[in-house]
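Q: Structure, please.
(one chain, ligands or ions: 2)
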Amino acid sequence: MKTNEVVRAWGKIIRGQKPSLSVEITKECPLRCPGCYAFADGHVGDGVNLRQLSDRRGEALIEGMLHLVDRYRPLHLSMVGGDPMVRFRELEVLLPALAERGIFVQLVTSAFREIPKKWAEIPRLGIVVSVDGLQPEHDARRKPATYDRIQRNIAGHRVTLHCTITAQMMHRSTYLDEFLSFWTSKKEVGKVWMSMFTPQRGEQAEEILSAAQRVQCVSELKRLRGLYPKLDMFEAQIEEFQAPPSSPQECIFAQTTQVVSADLTSEVTPCQLGGDPDCSQCGCVASMGLAAVGHHHLAFGVTAGKIFRLSSKVGIAVNALKLNRKAS
Ligand code: SF4
Ligand code: SF4
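A: Ligands and ions are numbered 1, 2, ... in the order given. Predicted structure coming up:
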């Protein structure tokens, strides 16, 4: 992040606004990944899952999205789903309109469909492609977005690859190395980010890393970032996986990102995972990045996190004042 972007983000926080917006632009997805949090009951609160919402398409989606963006005025917008590429015709209109507004847009997809080559020219657009493991495991979990299809569909782009590490991957000590060796050799891959599977509280799933696997994973990622410069994770960020934020209130990522679901109205809380996530086992790469920034010492024992929390309190007070004025 550049200095002027940090200043703009801080300016929004101090006015009681969230600098990032994440929108589930559709409830549809051709994949059926095991452990998908978006389609879990309770994702959108009170037992409601994404499929139960009514989503939009065509003009209604385009207008609704632009209205949302003009209301929240985010510096950074993530478009997720479902899979946003289900609505690629609407994206053909939306992406240039968002670029004109100067917003950084991140489109998260399985790349089950070709990403139009001309999108590579859209400024401030980042494409993030989810790839979960080496080909045998990935293809079994994420067909029809198989390895072969992904490689065809990202041609002409420079994408960020995002992998969610599961317990199964940690059974082979060379697994992450093999994964990075394969994907970082591709010219279409500019960066790789790695998260760890984050369960809901009380969830039992074979994807959940044990405490020992988490320690092993942190040490392996620290080793691998020296071997693969495209692994775009700094050391302090990787170390945060060992002591994730204790609650959503302590999580800078959750506190700075507004998440809206496919009806463009319902909020997803406390973070983009929705439901009741187990922060103590959080593996979200974005949350770890901001936690590391929060723990960074600025001067005289003051951390960036302390400044954030103070600014956030000022923002809440500013909003309360505005509400009082409206009410009086
Ligand atoms: S691609 Fe994403 S939204 Fe679709 S099933 Fe898989 S995890 Fe869920
Ligand atoms: S991103 Fe992780 S730490 Fe933050 S609220 Fe969600 S589960 Fe908790």
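
Q: Now the phi/psi pair for the nearest residue to Gly126 once chain neighbours are set aside, please.
A: Leaving out its chain neighbours, the residue that sits closest to Gly126 by Cβ to Cβ, 6 or more residues apart in numbering is Gln106, at 4.7 Å. For glycine as for every other residue, the C-beta is placed from the backbone atoms N, C-alpha and C. Torsion angles at Gln106 (phi, psi; degrees, to the nearest 10) stand at phi -120, psi 120.

Q: Report the beta-bridge partners for Gln106.
A: Ser78, Gly126 (DSSP bridges).

Q: Just list the residues touching it, thanks.
A: Applying Cβ atoms under 8 Å, 6 or more residues apart in numbering to Gln106 gives the contacts His76, Leu77, Ser78, Met79, Gly126, Ile127, Val128.

Q: Next, format those as CSV and append pLDDT.
A: Output for the contacts of Gln106, formatted as CSV (pLDDT from 0 to 100):
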residue, pLDDT
His76, 94
Leu77, 97
Ser78, 97
Met79, 97
Gly126, 97
Ile127, 98
Val128, 98
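
Q: If we only consider those, which is nearest to Glu267?
A: Ser78 (14.6 Å; Cβ to Cβ).

Q: And what about whichever residue of the stretch 201-328 of the chain sits closest to ligand 1, helix, strand or coil?
A: For the stretch 201-328 of the chain, the residue closest to ligand 1 is Ala262, as judged by Cβ to the nearest ligand atom, at 10.9 Å. Secondary structure, DSSP: H, G, I helix; E, B strand; the rest coil: Ala262 is coil.

Q: and it, what pLDDT?
A: With respect to pLDDT, Ala262 scores 96.

Q: Same question for Pro34.
A: We have a pLDDT of 89 for Pro34.

Q: my guess is it is in a strand, correct?
A: No - according to three-state DSSP, Pro34 belongs to no strand; its state is coil.

Q: Spatially nearest residue to Met288, not counting backbone neighbours?
A: Distances taken as Cβ to Cβ, 6+ apart place Glu240 nearest to Met288, at 4.0 Å, with adjacent residues excluded.

Q: Good, we can wrap up now.
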